[in-house]
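Visitor: this one's sequence-less:
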């Protein structure tokens, strides 16, 4: 499916103004402003709610290297592919490097660390349907639109260090069952995300050479923010507000 | 994206048992059991909430003939295509028949009837992202899986007359700004949906000749129920529980 367009630019923005417009999207719409994220950082989520978050977020982690492989498959440029494949290595890990099990394995460790059964998480059966639909929309976004859209949608990584920088110390301080080992996923992300975001931001600024292309890149970033936001909406509705777990989804053992 | 599998059958169900298993999915998971649907039927939604429902449901109506055209495009059988194209005619209407403007035009009339601006509705810009992701998942479901899955996913129509039979009298009785003309969408659906559902049910029973195929059809119907349910989850979260309208989505003029 094509994605929702909403931005119209009548003239080309300067490189600086375009940069600022992209960051403005994140300032307004990145999921650090979501009530579920705020509850997490205030230490106000129950263990059951943390479990629901870890389970559903696994569905997102799971598709990331697939999403990046789609982008690789659409590129005509070996230099671009060499750079972009780092993302796949980061998430899938390296057989010959025990220090890089990859982001997916690290996320499973996090899920196990908060008390979930690893096989249940891997099956993804009990994830919220809304999570599946949101991550499916991310696959469609990078498959069915221009390469500029596919690439620009990853610019949420510009703000990812802010999210991680808030989340990790808050989780270590406020949830006694979470330790640094459980949160090992986030340690390499503090370096990987800025490296990837910097490369992508320069690329998007280089390639968006018309007002239409700049508007398209802005809308791609809005669409990606909508995906992350909708995932937290679904978690908040199902696991914070009582009585709303949809049929077939994860029902925690621990009281919500 | 492939869809979520969950059912395993070790032996072939009889035609009757398979029929019952499909109906059981609907009994448990069809969206008539959703709290938002119940509020609507009890007359407890505000006009703003009815507007949000009409706006978001338009996104679903909008993709139906596209979804059915994908199914047509995948069929090898002219007889099947002759039957299935009726669905496209029902939703897109007929130029030479003023009595059949089609379901999409009728839905726009409903949206206008509850006070929405038609151009805003058609643009779909202010729909909830979660609605877009759910209808995108429906497109993926019929595009990326077997024809059996594509066809079986429409079996929610078996229960559609129940939903309409509850909804229309309740809406006419309980919302003074809604009249029969506004709800004209639903009148032909009371005949179309059972006609389509009967054809599809026989087809699915004929074609699902292995335990695996029967399980696949059951899971397709579950996936479709999840789509409809998630749409109401998103409406309920954003427009019934205060403070949750996501960035960029429809903000009613009338108080929610």
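Guide: Nice, thanks for sending it over. Every value quoted in this text rests on a predicted model; they were computed, and no experiment measured them.

Visitor: which residue ranges form the helices in the stretch 51-200 of chain A?
Guide: Secondary structure of the stretch 51-200 of chain A (DSSP state H, counting those that start in this stretch): helices at A:78-92, A:103-113, A:118-123, A:129-143, A:147-152, A:160-174, A:186-207.

Visitor: Deepest-packed of those helices, please.
Guide: helix A:129-143 (a mean of 25; mean count of other CB atoms under 10 Å in any protein chain shown). Just so you know, the C-beta spots here come from the backbone N, C-alpha and C atoms, and that holds for glycine as well.

Visitor: follow-up on the earlier one: figure out which of the helices of the stretch 51-200 of chain A is closest to chain B.
Guide: Nearest to chain B among these is helix A:129-143; the distance by CB to the nearest CB comes to 3.7 Å.

Visitor: how far off helix B:129-143 does that closest one point, in degrees?
Guide: 70 degrees (axes from the mean of the first three to the mean of the last three CA atoms, to 10 degrees).

Visitor: Packing partners of helix A:129-143?
Guide: Applying 3 or more CB pairs under 8 Å, 6 or more residues apart in numbering or on different chains; DSSP states H and E, we find helix A:129-143 packed against helix A:47-74, helix A:147-152, helix A:211-239, helix B:129-143, helix B:211-239.

Visitor: re earlier: can you lay out the helices of the stretch 51-200 of chain A as JSON lines showing mean pLDDT?
Guide: Rendered in JSON lines, the data for the helices of the stretch 51-200 of chain A read as follows (pLDDT from 0 to 100):
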{"stretch": "helix A:78-92", "mean pLDDT": "97"}
{"stretch": "helix A:103-113", "mean pLDDT": "97"}
{"stretch": "helix A:118-123", "mean pLDDT": "97"}
{"stretch": "helix A:129-143", "mean pLDDT": "98"}
{"stretch": "helix A:147-152", "mean pLDDT": "98"}
{"stretch": "helix A:160-174", "mean pLDDT": "95"}
{"stretch": "helix A:186-207", "mean pLDDT": "96"}
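
Visitor: wait, which of those is closest to residue B:247?
Guide: Ranking those by proximity to residue B:247 (CB to CB) places helix A:129-143 first, at 14.9 Å.

Visitor: Export the helices of the stretch 51-200 of chain A as JSON lines, with columns for distance to residue B:164.
Guide: Putting the helices of the stretch 51-200 of chain A into JSON lines (distance: least, CB to CB, whole Å) gives the following:
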{"stretch": "helix A:78-92", "distance to residue B:164": "46"}
{"stretch": "helix A:103-113", "distance to residue B:164": "42"}
{"stretch": "helix A:118-123", "distance to residue B:164": "36"}
{"stretch": "helix A:129-143", "distance to residue B:164": "23"}
{"stretch": "helix A:147-152", "distance to residue B:164": "39"}
{"stretch": "helix A:160-174", "distance to residue B:164": "44"}
{"stretch": "helix A:186-207", "distance to residue B:164": "47"}
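
Visitor: With residue A:2 as the reference, name the closest of the ones you listed.
Guide: Go through the helices of the stretch 51-200 of chain A one by one with CB to CB and the one that ends up closest to residue A:2 is helix A:129-143, at 8.8 Å.

Visitor: State the pLDDT value of residue A:254.
Guide: Reported pLDDT at residue A:254 in the predicted model: 61.

Visitor: Name the residues of the stretch 1-150 of chain A found near chain B, please.
Guide: Proximity of the stretch 1-150 of chain A to chain B is assessed by CB under 8 Å from any CB of the partner chain, with A:1, A:4, A:6, A:28-29, A:35, A:63, A:124-125, A:128-130, A:132-137, A:139-140 identified as the residues in range.

Visitor: Recalculate using a threshold of 10 Å.
Guide: On the criterion CB under 10 Å from any CB of the partner chain, chain B has as its neighbours in the stretch 1-150 of chain A the residues A:1-6, A:25, A:28-30, A:33-35, A:59, A:63, A:66, A:123-141, A:143-144.

Visitor: downstream neighbour of the one helix or strand residue A:16 maps to in the secondary structure list?
Guide: Per DSSP states H and E, residue A:16 falls inside helix A:15-29. Remark: after helix A:15-29, the chain's next helix or strand is helix A:35-41, criterion DSSP H and E.

Visitor: Pull out the buried positions in that following helix.
Guide: Neighbour-count burial for helix A:35-41 flags A:36, A:37, A:39, A:40, A:41 (criterion: 16 or more other CB atoms under 10 Å in any protein chain shown).

Visitor: Also stretch A:247-256?
Guide: Of all the residues in stretch A:247-256, those buried under the rule 16+ other CB under 10 Å are A:248, A:249, A:250, A:252, A:256.

Visitor: filter those by proximity to chain B?
Guide: Restricting those to those touching chain B (CB under 10 Å from any CB) yields A:248, A:249.

Visitor: Looking at the buried residues of stretch A:247-256, which is nearest chain B?
Guide: For the buried residues of stretch A:247-256, the nearest to chain B is residue A:248 (7.2 Å; CB to the nearest CB).

Visitor: per-residue confidence at that closest one?
Guide: Model confidence at residue A:248, given as pLDDT, is 96.

Visitor: mind listing what it touches?
Guide: Each residue near residue A:248 by CB atoms under 10 Å, 6 or more residues apart in numbering or on different chains is listed here: A:125-129, B:4, B:6, B:28-29, B:222, B:225-226, B:229.

Visitor: same question, residue A:76
Guide: Neighbour list for residue A:76: residue A:147 [criterion: CB under 10 Å, 6+ apart].

Visitor: separation between it and residue A:146?
Guide: In this structure, residue A:76 and residue A:146 are 13 Å apart, going by CB to CB, to the nearest Å.

Visitor: again with residue A:56
Guide: Counting by CB to CB, the gap between residue A:56 and residue A:146 amounts to 29 Å.

Visitor: So for those two, which residue has more residues nearby?
Guide: Legend: neighbour count by other CB atoms under 10 Å in any protein chain shown for residue A:56 and residue A:146, higher for residue A:56 (27 against 15).

Visitor: Quick check: the more buried one touching residue A:249?
Guide: Yes. Residue A:56 is within contact range of residue A:249, at 9.1 Å (criterion: CB atoms under 10 Å).
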